[in-house]
Structures are given as C-alpha cells and as structure tokens.
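S.K.: pasting the structure only:
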C-alpha cells in the first residue's frame with residue numbers, strides 16, 4: 001500500500017477506479033501511516049478515523065476522488081460536528097455546526113476527511129509551534145520547523161500521510177510551509193475561493209484558502225473543486241478561461257519574467273541559498289524559452305508596507321477575539337493567549353476605526369502601484385518563497401517579542417505583499433540546501449492569472465520533476481523520518 005500512498009491524489013483516485021485498491025483499503029492505509037509516524041511529527045491534532053471509515057459509502061460511486069483521504073487545516077475549513085481550535089486554548093470544546101463551502105465541495109467530490117492539522121495560534125506566525133498542541137516537526141529533519149501557518153498540513157503531505165491537505169494563506173501560510181517541506185503551494189487570487197458561509201473575508205481580504213500538494217496537477221484539480229463566487233461574498237475574482245486542470249501541460253508561450261534574489265526594501269538579510277535557488281530557477285525558465293531579466297515592482301521597496309500590513313492583521317485579530325468571546329459565551333482575556341498574540345491583540349484594540357480605514361486605504365494605493373509593473377508588460381515575477389533560510393524549532397522565540405516580530409517580518413517579506421495585493425502566487429520545490437532541507441521559489445502573476453501560474457509550473461515540473469524523498473524512497477536523499 002505504500003506504493004499507492006506515494007501517488008498523488010489524482011493517481012490514488014485512478015487506482016480506486018481501476019480496482020487496484022478499494023476506498024476502505026486506501027483510507028485504512030493512510031490511517032496506519034498517520035498512526036505510525038505522527039507521534040514524531042505532530043501534524044494531526046484532531047483525528048476522526050472511525051467517523052471517516054463510517055462515511056466511506058456516502059460519496060457517489062462516480063465521485064472523482066471517491067475514497068481519497070485528505071486532512072483539513074484546523075484554521076478555516078470548518079467541518080460540521082468537528083472541533084475547531086485554530087491552534088488556541090481559547091476554543092477548547094468548540095465544535096462547528098456546518099461545513100464551510102469548500103469542505104462541503106471536497107466531501108461531495110469523494111474525499112474522506114481523516115482529521116485536522118496543527119497550526120500556530122490563530123495562524124499569526126510562520127512556524128507551527130502552538131502552546132495548545134505542541135510543535136509540528138519537519139519530516140526532512142525533525143529538529144526543524146515545517147513552517148506556518150499551514151505547517152501541520154505540509155508536514156503530513158511531505159511525510160506521505162495524505163496526498164494533499166487544505167491550507168490557507170494570510171501572509172505566506174501556504175507558500176512558506178510548501179517551501180520548507182518541498183511541496184507545491186498556490187495562493188489563489190482574492191475572492192477565488194469563498195470563505196462562506198461563516199465568513200466573508202479574512203484579514204481584510206489578505207487570507208485565502210488553498211492546498212499543499214506534491215504535484216501541480218493535484219493543486220489545479222483541488223482548486224477547481226472549491227473555486228467559485230458564492231452569493232454574499234465581498235469579492236469575486238476575475239473569470240478564468242476554463243478549469244485549471246486543463247492548464248496543466250498547456251503551452252504558456254514566451255513570457256516576460258522578472259526576478260529578484262534580494263529584497264529591494266534593503267532591510268531583509270541576504271541568504272545565499274535563496275539567491276542560488278532563484279538564480280537556478282531563472283536559468284531553467286530561460287532555457288525553456290522565456291525572457292528572464294532582473295528586476296521587479298518598485299513598490300516592493302516601500303518600507304511603510306510592514307507597518308500597515310501589521311496594523312491590519314492586529315486589528316483583525318482583536319476583532320476575531322471579540323467573535324470568539326461571543327461564540328463561546330464569555331470574553332477572551334489576553335492572559336489566555338500566547339504572548340505574541342496578546343501583544344498583537346492589544347495593539348489592535350488600541351487602534352481607532354479611522355486608523356484602520358487609513359491603513360486599508362494605504363494598502364489600496366500600494367496594490368495599484370504594484371499592479372503597474374504587470375500592467376507595463378511583465379507576465380511573472382520570480383523570487384524566494386521565504387525570506388530566511390530553513391530554521392530550527394524555537395527560532396521564533398515565544399517570549400522575546402522583539403526578536404520574534406523581526407524574524408517574522410523578514411520571513412514574510414516576499415510573500416505578504418501579494419496577500420495585500422490579492423495576486424496569485426505559487427511556491428515550487430526546486431532547491432535543497434547542503435543539509436538536504438527544501439527551499440522553494442515563488443512565481444507571482446497578475447490578479448486572476450492562476451491559469452498562467454499552472455501552465456508555467458507544470459512546464460517547470462516536467463522539465464525538472466519534483467522529488468519527494470519521504471515517500472519516493474530515493475536513497476540519494478534525506479530520509480530521517482520516513483526510512
């Protein structure tokens with residue numbers, strides 16, 4: 001069964017249709033793998049194995065992913081009757097009353113939900129080490145972080161527990177764990193996937209649902225299942241030319257691509273591994289026939305961005321705590337929170353409504369300045385997925401807030417601007433450090449152009465196939481956990 005678990009979700013679904021494996025056998029194999037390896041990784045914080053097995057016959061026989069196991073991030077992606085913790089002790093005992101739209105669509109497509117994955121408290125940092133559930137460890141080296149906030153999902157997929165898992169991205173939380181765990185992670189255009197019915201937007205539109213996967217075709221197929229405007233949503237993304245799955249393998253044509261190996265803001269430390277990863281990716285894209293030149297949007301150099309972005313996130317956290325107090329029936333005291341979130345919530349509570357609106361207006365202007373670079377004729381921007389090298393657990397200190405906030409700001413320097421602009425961006429696993437740790441590179445397209453990202457990503461994947469040593473069992477690569 002390890003061979004079947006090593007397939008991507010599309011491959012697993014085909015194996016079920018071909019009769020190579022039954023849905024029950026596939027789900028039981030995934031459960032066995034979680035039980036065998038998650039004690040060390042701590043990726044899955046809520047398990048629903050018995051309920052998953054009981055639901056196997058619920059999906060129609062012709063459901064495209066009938067019997068394929070999946071894990072849901074425990075932040076966003078609510079499932080009826082299941083716990084919802086968001087990495088926080090403040091939600092202990094809370095259960096969800098109804099499926100989110102995305103979860104309902106995944107279940108209707110035949111996916112079998114095995115549980116919920118670990119995330120930092122309220123998804124507000126780039127490493128998954130919540131006090132409530134403990135740290136998630138990177139399958140490539142268990143002393144290292146799997147990233148955040150979708151770290152549990154990324155570790156589970158990289159370790160072969162499931163072929164794909166849900167994620168979300170408010171400042172890099174799909175792309176950063178994908179980078180650190182050697183996966184594909186696409187943050188969609190704002191409004192592409194509904195947050196309903198409970199929410200209209202997250203973090204003033206910065207946060208978007210997504211997936212972490214091992215193949216571009218899985219990313220495309222999964223997004224096809226959940227994308228689409230729902231009545232009442234505050235945003236509607238530009239229409240795609242067709243299903244994203246059709247873009248896999250399609251010729252992207254000759255594209256004009258800019259690239260950055262160092263951040264134009266000047267306050268983000270240069271990291272040789274990141275520069276090498278981008279330079280190699282640039283050479284690969286040039287060899288594929290694209291016009292690749294140094295440079296990127298001048299607006300990225302604006303040092304005011306970090307303050308405005310941080311203010312909006314803090315304001316939203318303060319509002320979220322108010323909602324939690326109403327949901328659970330008693331107010332949230334800041335002493336219940338981890339120090340980082342207590343500080344952010346305190347700052348958010350100190351901002352006036354007028355100050356919040358001024359921050360959103362600053363971001364509006366920033367978004368237009370950023371868009372001008374693509375409007376001038378550029379197709380894609382190539383840059384690192386993460387602003388720092390792969391880092392060990394504990395590198396974001398829980399009590400030294402100055403260090404924690406500074407390191408977080410450096411880490412999201414290449415990702416958070418595109419949460420603010422609402423543009424789609426994808427991280428691809430194209431590089432490893434000398435120690436065998438993954439390093440992703442990021443491609444960013446104009447708003448609404450996920451189709452272009454999928455075309456180019458699949459072209460890259462074909463030219464340089466992605467390797468997943470935890471499940472491929474390639475003897476030439478690190479196998480510190482999944483030996």
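M.R.: Yep, it's here. Predicted, not measured: the structure shown is a model, and the values here were computed from it.
S.K.: C-alpha only now, for contacts and for neighbours.
M.R.: Noted.
S.K.: Kindly state the pLDDT recorded for residue 476?
M.R.: pLDDT, residue 476: 32.
S.K.: Please enumerate the helices of the stretch 301-450 of the chain.
M.R.: 304-328, 339-350, 353-375, 401-411, 416-421, 450-463 (DSSP state H, counting those that start in this stretch).
S.K.: Redo those as CSV? Include mean neighbour count.
M.R.: Below are these laid out as CSV (neighbours: other Cα atoms under 10 Å):
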stretch, mean neighbour count
helix 304-328, 18
helix 339-350, 18
helix 353-375, 16
helix 401-411, 17
helix 416-421, 24
helix 450-463, 22
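S.K.: so what's the spatially most central residue of the chain up against?
M.R.: Nearest to the mean C-alpha position of the chain, counting by Cα atoms, centre = their mean, stands residue 174 at 1.4 Å. By Cα atoms under 8 Å, 6 or more residues apart in numbering, the contact set of residue 174 is 148, 149, 150, 167, 168, 185, 186, 187, 210, 211, 212.
S.K.: Can you tell me which of those residues is nearest residue 109?
M.R.: Distance ranking of the contacts of residue 174 against residue 109, using Cα to Cα, places residue 211 first at 15.4 Å.
S.K.: What distance do you get for the residue nearest to the centre of the chain to residue 207?
M.R.: Going from residue 174 to residue 207 by Cα to Cα, to the nearest Å gives 10 Å.
S.K.: Can you pull the residues that touch both of the two?
M.R.: residue 168.
S.K.: hmm, back to that, filter the contacts of residue 174 down to the ones in strands?
M.R.: Using DSSP state E, the subset of these located in strands is 167, 168, 185, 186, 187, 210, 211, 212.
S.K.: ChimeraX command for the buried members of those residues?
M.R.: A single ChimeraX command selects the buried members of the ones in strands among the contacts of residue 174 (16 or more other Cα atoms under 10 Å):
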select :167,168,185,186,187,210,211,212
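S.K.: Now distance to residue 257 too, for the ones in strands among the contacts of residue 174, in CSV please.
M.R.: As requested, the ones in strands among the contacts of residue 174 are exported to CSV (distance: Cα to Cα, whole Å):
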residue, distance to residue 257
167, 27
168, 26
185, 20
186, 18
187, 19
210, 24
211, 25
212, 24
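S.K.: could the ones in strands among the contacts of residue 174 go into TSV alongside pLDDT and distance to residue 437?
M.R.: As requested, the ones in strands among the contacts of residue 174 are exported to TSV (pLDDT from 0 to 100; distance: Cα to Cα, whole Å):
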residue	pLDDT	distance to residue 437
167	98	21
168	98	23
185	98	17
186	99	20
187	98	22
210	98	23
211	98	21
212	98	17
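S.K.: Which of the ones in strands among the contacts of residue 174 sits closest to residue 59?
M.R.: residue 211 (21.3 Å).
S.K.: In contact with that closest one, which residues?
M.R.: Shown in contact with residue 211 (Cα under 8 Å, 6+ apart): 164, 165, 166, 167, 168, 174, 185, 186, 219, 222, 223.
S.K.: at 6 Å what do you get?
M.R.: Going by Cα atoms under 6 Å, 6 or more residues apart in numbering, residue 211 touches 165, 166, 167.
S.K.: what is the last one paired to in the beta sheet?
M.R.: Judged by DSSP bridges, the bridge partners of residue 167 are residue 210.
S.K.: from memory it sits against residue 207, does it?
M.R.: No. Assessed by Cα atoms under 6 Å, residue 167 is found out of contact with residue 207, at 10.5 Å.
S.K.: Can you give me the neighbour number for residue 3?
M.R.: For residue 3, the number of neighbouring residues by other Cα atoms under 10 Å comes to 9.
S.K.: Helix, strand or coil: sort out it for me.
M.R.: Following DSSP: H, G, I helix; E, B strand; the rest coil, the label given to residue 3 is helix.
S.K.: And the pLDDT for it?
M.R.: As predicted, residue 3 sits at a pLDDT of 89.
S.K.: how much space between the closest residue to residue 16 other than its chain neighbours and residue 281?
M.R.: Using Cα to Cα, 6 or more residues apart in numbering and skipping residues adjacent in sequence, the residue nearest residue 16 is residue 22, 5.6 Å away. Going from residue 22 to residue 281 by Cα to Cα gives 40 Å.
S.K.: again, but for residue 441
M.R.: Distance, residue 441 to residue 281, by Cα to Cα: 8 Å.
S.K.: Looking at the two, which one has more neighbours?
M.R.: Remark: of residue 441 and residue 281, residue 441 carries more neighbours, 28 against 22, as counted by other Cα under 10 Å.
S.K.: Check the offset of the strand or helix carrying residue 13 from the chain's centre.
M.R.: Following DSSP states H and E, one finds residue 13 within helix 9-17. Relative to its chain's centre, helix 9-17 lies at 23 Å (Cα atoms, centre = their mean, to the nearest Å).
S.K.: now what about that helix, what contacts it?
M.R.: Outside helix 9-17, the residues that touch it by Cα under 6 Å, 6+ apart are 22, 65, 163.
S.K.: Sort out which residues of that helix are buried, please.
M.R.: For helix 9-17, burial by neighbour count (16+ other Cα under 10 Å) applies to 9, 10, 11, 12, 13, 14, 15, 16, 17.
S.K.: will you turn those into a markdown table that also has pLDDT?
M.R.: Below are those laid out as a markdown table (pLDDT from 0 to 100):
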| residue | pLDDT |
| --- | --- |
| 9 | 98 |
| 10 | 98 |
| 11 | 98 |
| 12 | 98 |
| 13 | 98 |
| 14 | 98 |
| 15 | 97 |
| 16 | 97 |
| 17 | 97 |
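S.K.: and the residues you listed as CSV, adding distance to residue 74?
M.R.: Output for the buried residues of helix 9-17, formatted as CSV (distance: Cα to Cα, whole Å):
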residue, distance to residue 74
9, 21
10, 24
11, 26
12, 24
13, 24
14, 28
15, 29
16, 28
17, 30
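S.K.: Among those residues, which one lies nearest to residue 127?
M.R.: Nearest to residue 127 among these, with distances taken as Cα to Cα, is residue 9, at 26.1 Å.
S.K.: burial of the spatially closest residue to residue 99 that is not a sequence neighbour, as a residue count?
M.R.: Closest residue to residue 99 apart from its sequence neighbours, by Cα to Cα, 6+ apart: residue 79 at 4.4 Å. Neighbourhood size, residue 79 [other Cα under 10 Å]: 24.
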